[in-house]
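**Student:** for reference, the sequence and a predicted model appear below.
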Amino acid sequence: ETDDVLPEKDAAYENELLTRLEAEQKRVSTIQEMRKLLPVYKYRKDLLDAIRENQILIVVSETGSGKTTQLPQFLFEDGYTKNGKFQIAVTQPRRVAATAVSARVAEEMDVVLGKEVGYSIRFDDKTHPQKTILKYMTDGMLLREFLADPELLKYSCIMIDEAHERTLATDILLGLLKDILLHRKDLKLIISSATMNSTKFSKFFYNCPIFNIPGRRFPVDIHYTLQPEANYLQAAISTIFQIHTKEKVPGDILVFLTGQDEIETAREKIEIIAEKLGSGIKPMIITPIYANLPQEEQEKIFIPTPPGCRKIVLATNIAETSLTIDGIKYVVDPGFVKENSFVPTTGMSQLETVACSRASVDQRAGRAGRVGPGKCYRLFTKWSYYNELELMPKPEIIRANLSNTVLLLLSLGITDLLKFPMLDKPSVSSLSKSLEQLYVLGALNSKGIITRLGRIMCAFPCEPEFAKVLHTSASHHLCAGVLEECLTIVSMLLEATSLFAGQRKATTSNSIAGKVSSDHMLYLRVYEEWANTNYSRLWCQDHKVQYKTLRRVKNIRDQLWRCCERLGFTALNAAATENANGSIVNPESRIAKSFISGFPMNVAQLGTSGYHTTGLKKSGGLNVFIHPSSVVFQQTREEAKKPSRYVLYQQLLLTSKEFIKDCMPVTNESWLQEMVPQVFNSR
Ligand code: ADP
Ligand code: MG
């Protein structure tokens, strides 16, 4: 944004240029030196030989050996991109890994990110159609590419990285690739994994060879607590200060927490304590890292710690194997992870904090032993480690909601789901529940065949439920004409986790939107107000809303809008508005109806002991509480208003309590029957 003023050409200037050039050359040469120190470097030739001789190769090594950053460069150097004719794809389970690693590789290759080396994650494509040869992407993005190009013809090599994570998308990719490798003999598949589960991959791919790269790892001293911790966050924080004040040896601390909220809470608490201790302790640099962390913040975790300071990395399990942060000597591990799971009997998805597996906590401990001997503080008992923890994490495919995946497979023409090759088969009840849900959404007809609406839902770069909301808001005879509003709310829901800078939503809501009836309406008002100021940065500062988050929301909204145009939604919406003589009466109820049509499973009903979720069933379910951050929570408390009989929620969160987040009261019960008669008529 600043203007570059050219200095006058004189001796001093030329000298400065020379020094800069030298520094630049030195930087490049040290990066090249660093590459040579990585364990994979010694095996470069053997690896390339093995890849030449085998169509499929599994590469296993300790985390931090250089698989993710180096292997794709080796392939490029060995000519697999055929002078730019082909691309090399590298998949990652997490967005942050895709962006951070591609930035690193671009730097190593001394190119601009987004040209020769790029990344592609949902709503953010930093690749160049002609120039990109190394493409880092989320596994979900590669999965979507099958829709447009079922043979993946533009790739000569595909590296499925972090395969041990066994995300749903990775498992499905492996199944699809198993088929196309049969008739695309020129396509190479590399499956790379940390040191777990590798024989399972080999068996799946006709006993293909496993290439083991010996790693280096220094011993790590493991400490357990003597009793279970009642409050692991508190325990983690005091452990951090103990290490920081007592340990003479320099070295950074890596703390494993479960998610953004927890990380931000911990960060605040640590900062308060550090401030109180003042100059009594050495300076601490606190750096969070989690999936939705904006890119400008990500780079901070890799900046080397200045002497005399200690870096405290507060991470989700992204730092377990996906990202390696140099300089970690201490690991603090409460032993928990947030998992997405699905209960087939009710058809509900939930985000749940669960104990890690032994394999996971061992990986985490290993992060302390990369640069030298390290220490790991486990905030659970030794007994628990040996008696309570599962050996391995459960693959996502046997615990997650499969609706989206099933819809994608059906639209790819794969109709016999039970025959589809999978490392682990999901239960039949889970599969049939997804089919039932897809039927309720109108994506399948009663014979289980994908409908036109189903294909449209699949074409959207977001969950089919959101696509259904948008479709309804543009075209349903009872509520069309509110596409713009729903588009805004959906875009906000997709990104809004980091919108209100550490503040309660309600405080912000009063200052911006006045009284609103639901979180959905709050999101809409906030965005509209901001848009009315011509997307002003100042407005965000005044209202303590994250400007960068809103910019990303706008970007998502623009992309979804173009998608709506392509699929004809915008025209339908315009026609509906026209029919209503240009002014839509009661847009709020139309918006509510649109969301009901997309999320009939996410309706909770008021019973004798508060709300309980119902899913597709008439009874049973889980008792839930409206999350304190919701404006609906504030209303029922402050105004002693009678709670509405039904409430729609966007997220079910199981932590210390069962919470529903992003809620909207269903003020008129007949909407449920109107919009989803299949489910609600019989109630
Ligand atoms: P693996 O995939 O085998 O776990 P990586 O290729 O991710 O190993 O890491 C190799 C090295 O590259 C590590 O020392 C790591 O610290 C470094 N590295 C990776 N990404 C970055 C980054 N964005 N910034 C700085 N260093 C990085
Ligand atoms: Mg890696």
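**Tutor:** Sure thing, it's come through. Residues are numbered from 1 along each chain as shown. Ligands and ions are numbered 1, 2, ... in the order given.
**Student:** does the residue in the stretch 401-550 of the chain that ligand 2 sits nearest to count as helix, strand or coil?
**Tutor:** Closest contact between the stretch 401-550 of the chain and ligand 2, by C-beta to the ion, is at L423 (19.6 Å). (C-beta placed from N, C-alpha, C; glycine too.) The assignment at L423 comes out as coil when based on DSSP: H, G, I helix; E, B strand; the rest coil.
**Student:** mind listing what it touches?
**Tutor:** 166, 171, 174, 200-201, 204, 395, 397 (C-beta atoms under 8 Å, 6 or more residues apart in numbering).
**Student:** pLDDT averaged over stretch 669-683 - what is it?
**Tutor:** In this model, stretch 669-683 has a mean pLDDT of 86.
**Student:** in it, what's buried?
**Tutor:** Residues of stretch 669-683 classed as buried by neighbour count (16 or more other C-beta atoms under 10 Å): 671-672, 674-676, 679-680.
**Student:** for the helix or strand hosting P72, name the packing helices and strands.
**Tutor:** Per DSSP states H and E, P72 falls inside helix 67-77. Where contact means 3 or more C-beta pairs under 8 Å, 6 or more residues apart in numbering; DSSP states H and E, helix 67-77 is packed against helix 44-53, strand 56-61, strand 87-92, helix 95-109, strand 134-138, strand 155-160, strand 188-193.
**Student:** run the last query once more with 7 Å
**Tutor:** Applying 3 or more C-beta pairs under 7 Å, 6 or more residues apart in numbering; DSSP states H and E, one finds that helix 67-77 contacts helix 44-53, strand 56-61, strand 87-92, helix 95-109, strand 155-160, strand 188-193.
**Student:** for the fifth one, packing partners?
**Tutor:** Packed against strand 155-160, as judged by 3+ C-beta pairs under 7 Å, 6+ apart, are the following elements: helix 67-77, strand 87-92, helix 168-183, strand 188-193.
**Student:** quick check, the lengthiest helix in the chain touching ligand 1?
**Tutor:** Longest helix in the chain, counting residues (DSSP state H): helix 11-37. No: using C-beta under 6 Å from any ligand atom, helix 11-37 stays clear of ligand 1, coming no nearer than 7.5 Å.
**Student:** what do you get for stretch 78-97?
**Tutor:** No: for stretch 78-97 and ligand 1, the contact criterion (C-beta under 6 Å from any ligand atom) is not met; the two come no nearer than 8.3 Å.
**Student:** okay, how far is it across that stretch, tip to tip?
**Tutor:** By C-alpha to C-alpha, to the nearest Å, the extent of stretch 78-97 from end to end equals 25 Å.
**Student:** any buried residues in it, and which?
**Tutor:** Those would be 78, 80-81, 86-97, for stretch 78-97 by 16+ other C-beta under 10 Å.
**Student:** now do stretch 235-254
**Tutor:** Buried residues in stretch 235-254, defined by neighbour count with 16+ other C-beta under 10 Å: 235-237, 239-241, 243-244, 251-254.
**Student:** which neighbouring elements make contact with the host helix or strand of K329?
**Tutor:** Assigned by DSSP H and E, K329 falls within strand 328-333. In terms of contacts (3+ C-beta pairs under 7 Å, 6+ apart), strand 328-333 is packed against helix 232-246, strand 252-256, helix 358-366, strand 374-378.
**Student:** residues contacting the helix or strand following the second one, please?
**Tutor:** Note on strand 252-256: by DSSP H and E, the next helix or strand toward the C-terminus is helix 260-277. With C-beta atoms under 7 Å, 6 or more residues apart in numbering as the test, helix 260-277 has contacts from 233, 236-237, 240-241, 257, 281, 284, 286, 288, 290, 292, 312, 314, 497, 502.
**Student:** and helix 260-277, average pLDDT?
**Tutor:** Taken as a whole, helix 260-277 has an average pLDDT of 93.
**Student:** stretch 419-427 too?
**Tutor:** Stretch 419-427 shows an average pLDDT of 94 in the prediction.
**Student:** figure out the length between the terminal residues of that stretch.
**Tutor:** 13 Å.
**Student:** quick one, phi psi at V666?
**Tutor:** As for V666, its main-chain torsions (degrees, to the nearest 10) stand at phi -90, psi 90.
**Student:** chain neighbours aside, what residue packs nearest to it?
**Tutor:** Excluding its sequence neighbours, the residue lying closest to V666 (C-beta to C-beta, 6 or more residues apart in numbering) is Y646, at 3.9 Å.
**Student:** what's near enough to touch that neighbour?
**Tutor:** By C-beta under 7 Å, 6+ apart, the neighbours of Y646 are 603, 605, 666, 669, 672.
**Student:** quick check on the fourth one: phi, psi?
**Tutor:** When quoted as degrees, to the nearest 10, the phi and psi of E669 stand at phi -60, psi -30.
**Student:** who's in contact with it?
**Tutor:** 645-646.
**Student:** thinking again about what came up before, from the contacts of helix 260-277, list the buried ones, please.
**Tutor:** Buried members of these, scored by 16+ other C-beta under 10 Å, are 233, 236-237, 240-241, 257, 284, 286, 288, 290, 312, 314, 497.
**Student:** ranges for the helices of the stretch 351-500 of the chain?
**Tutor:** 358-366, 382-387, 403-411, 428-440, 452-459, 464-475, 483-495 (DSSP state H, counting those that start in this stretch).
**Student:** ok, which of these comes nearest G114?
**Tutor:** Distance to G114, taken as C-beta to C-beta, is lowest for helix 483-495 among these, at 21.0 Å.
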